[in-house]
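Engineer: Curious how this folds, go ahead:
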Amino acid sequence: MRLLNTTTLQFAEYYNQDTPEYAILSHRWLDGQEVSYIDYCLCVDQAQHGEKLPEYLRDKANTIRSRSGFTKILDFCKAVRLADLEWGWIDTCCIDKSSSAELTEAINSMWSWYKESVLCLVYFNDVESEASYAEIGSSAWFTRGWTLQELLAPSRLNFFDRVWKPLYRLEKATFKAKKRTATMYYIMDDPDWAEFGHMLAQASHVPARYVCGYQSLDSASAAMKLSWASFRRTSRVEDRAYSLLGLLGINMPLLYGEGQQAFIRLQKEFIQTYDDESILAWRSPCPSPNLSSHCFSGVLATNLEFFQASGDIVTIMQYGKPPWQTINQLLQVEAAVYVQSANEAPTTTILLPLACKHSDERGCLHLELTASSSAGAGVGHYMRVSACKLIAAGPQRKVTDDRRLLLHLNAR
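Structural biologist: Have a look, this model is predicted:
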């Protein structure tokens, strides 16, 4: 991990147990203004060697120093020193993005780096001093994909307005302590910090119990976590998936250029790693009235937005249930299923129960499946049908014995 000394403004690299206490920055990138690792190193060379550098490099370094991103680095270092910390980490200049190996390691480690930080400084570059709760909640910071993990992973966060004036301080509940309490401090004179906590939850689409650390993120279902991310955007399509690696507890290689396939790979990796069937509890947009609602799809979501209505889905414990297995582009499932008769659906379909449900309902959710008619599909191969809905099975439907199903992960 490459850290920045906030006094000398020099880099140092640390590994595992040798890493000192550090603060970390959460912010929104601005096009053309951020300072990369190579940019920053050039500025350091200019400071150390001055006139020895060629003129064109001195001019380039001066241009870099004029960017708002360079000023942000200096302001961050000042705020870290005021917090009595020596080291800081910033995702713009502390990663050499010209190295694909370093970038992959950094993105796969990002969640743990934010979690292990002593303090996270959240910088709202679009929030004025004395802003109202509503104005803070409308910051673009809440719309960016990467800032979701930056809100949830750290245990301590300090929030700043655009001129680095402190706003609030959040210290989350710690789950190692017996007394599970969280405190939110307002730096200014308004004691009603609870309203700020409510704003954080509302603006981030994350329940306050997770934002403030009252409840472990491990208790949130995959569908719930993906719903939080579904309202956010990233500059690159792939980063919508890559920014979720830590939140979902997944490691996988980065393949920039793969587009939406990154999200498919993320779901496949999750299924192979965890027994959380809510990963299939998504809904696609309802088709136009002139189109049939019985369109076929794979069981994996092709778009993160399909989880926007999954924010209240919780998992159900089911003991003795055989684990899922992925076989090439198929998901092997063994389960008792419900059978719908022909008069209940245009074709005979089955309902596969998932070990998850809406939090305010008792019964589990089901996927509606139909036998695959794709070329090369064998007996027992199924596709999802009516992907715009999840179904609660009624008692009038016939239940079969355990059946082995091969579900197509992608539409064919």
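Engineer: all helices of the chain, in order?
Structural biologist: Here the chain has its helices, by DSSP state H, at 37-49, 55-65, 68-82, 100-116, 133-137, 147-152, 193-204, 208-211, 222-229, 239-242, 245-248, 261-273.
Engineer: which one of those helices is the most hemmed in?
Structural biologist: Compared across these, helix 222-229 shows the largest average neighbour count, a mean of 25 (mean count of other C-beta atoms under 10 Å). For the C-beta atoms, the positions are set from N, CA and C on the backbone; glycine is no exception.
Engineer: which helices and strands does that one pack with?
Structural biologist: Helix 222-229 sits against helix 245-248, strand 313-315, with contacts defined as 3 or more C-beta pairs under 8 Å, 6 or more residues apart in numbering; DSSP states H and E.
Engineer: now the first one, how far from the centre of its chain.
Structural biologist: This means helix 245-248. 6 Å (C-alpha atoms, centre = their mean, to the nearest Å).
Engineer: now it: mean pLDDT?
Structural biologist: The pLDDT scores in helix 245-248 average 98.
Engineer: How about the shortest one?
Structural biologist: Strand 313-315 shows a mean pLDDT of 96 in the predicted model.
Engineer: what residues does that strand touch?
Structural biologist: Here strand 313-315 makes contact (C-beta atoms under 8 Å, 6 or more residues apart in numbering) with 221, 223-224, 227, 276-278, 281, 355-359, 365.
Engineer: Any chance of a PyMOL selection covering the buried ones in those?
Structural biologist: In PyMOL, this line selects whichever of the contacts of strand 313-315 come out buried by 16 or more other C-beta atoms under 10 Å:
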select buried, resi 221+223+224+227+276+277+278+281+355+356+357+358+365
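Engineer: Now go through the contacts of strand 313-315 and say which are in strands.
Structural biologist: Members of those lying in strands (criterion: DSSP state E): 356, 357, 358.
Engineer: circling back: got JSON lines for the helices and strands packed on helix 222-229, with distance to residue 256 too?
Structural biologist: Shown next, in JSON lines, are these (distance: least, C-beta to C-beta, whole Å):
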{"stretch": "helix 245-248", "distance to residue 256": "14"}
{"stretch": "strand 313-315", "distance to residue 256": "31"}
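Engineer: Between these, which one is closest to residue 57.
Structural biologist: helix 245-248 (36.5 Å; C-beta to C-beta).
Engineer: For that closest one, name the packing helices and strands.
Structural biologist: helix 100-116, helix 147-152, helix 222-229, helix 261-273.
Engineer: for those helices, which one sits closest to residue 13?
Structural biologist: helix 100-116 (10.7 Å).
Engineer: which residues are in contact with the closest one?
Structural biologist: 1, 19, 24, 26, 89, 91, 95-97, 120, 149-150, 153-155, 242, 245-247, 251-254.
Engineer: Please repeat the previous calculation with a cut-off of 7 Å.
Structural biologist: Contact with helix 100-116 is made by 1, 24, 89, 95-97, 120, 149-150, 153-154, 242, 245-247, 251, 253-254, as judged by C-beta atoms under 7 Å, 6 or more residues apart in numbering.
Engineer: now that helix, how far from the centre of its chain.
Structural biologist: 13 Å.
Engineer: For it, C-alpha coordinates in PDB please.
Structural biologist: Provided in PDB are the C-alpha atoms of helix 100-116 (Å, rounded to 0.1, in the frame of the first residue of the first chain):
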ATOM      1  CA  SER A 100      -2.600  -3.100 -14.600                       C
ATOM      2  CA  ALA A 101      -1.300  -5.400 -11.800                       C
ATOM      3  CA  GLU A 102      -1.200  -2.600  -9.300                       C
ATOM      4  CA  LEU A 103      -4.600  -1.300 -10.300                       C
ATOM      5  CA  THR A 104      -6.100  -4.800 -10.000                       C
ATOM      6  CA  GLU A 105      -4.600  -5.300  -6.500                       C
ATOM      7  CA  ALA A 106      -5.700  -1.900  -5.400                       C
ATOM      8  CA  ILE A 107      -9.300  -2.300  -6.500                       C
ATOM      9  CA  ASN A 108      -9.500  -5.800  -4.900                       C
ATOM     10  CA  SER A 109      -8.100  -4.300  -1.700                       C
ATOM     11  CA  MET A 110     -10.000  -1.100  -1.700                       C
ATOM     12  CA  TRP A 111     -12.700  -2.200   0.800                       C
ATOM     13  CA  SER A 112     -10.100  -3.400   3.300                       C
ATOM     14  CA  TRP A 113      -8.100  -0.300   2.900                       C
ATOM     15  CA  TYR A 114     -11.100   1.900   3.800                       C
ATOM     16  CA  LYS A 115     -12.100  -0.400   6.600                       C
ATOM     17  CA  GLU A 116      -8.700  -0.500   8.200                       C
END
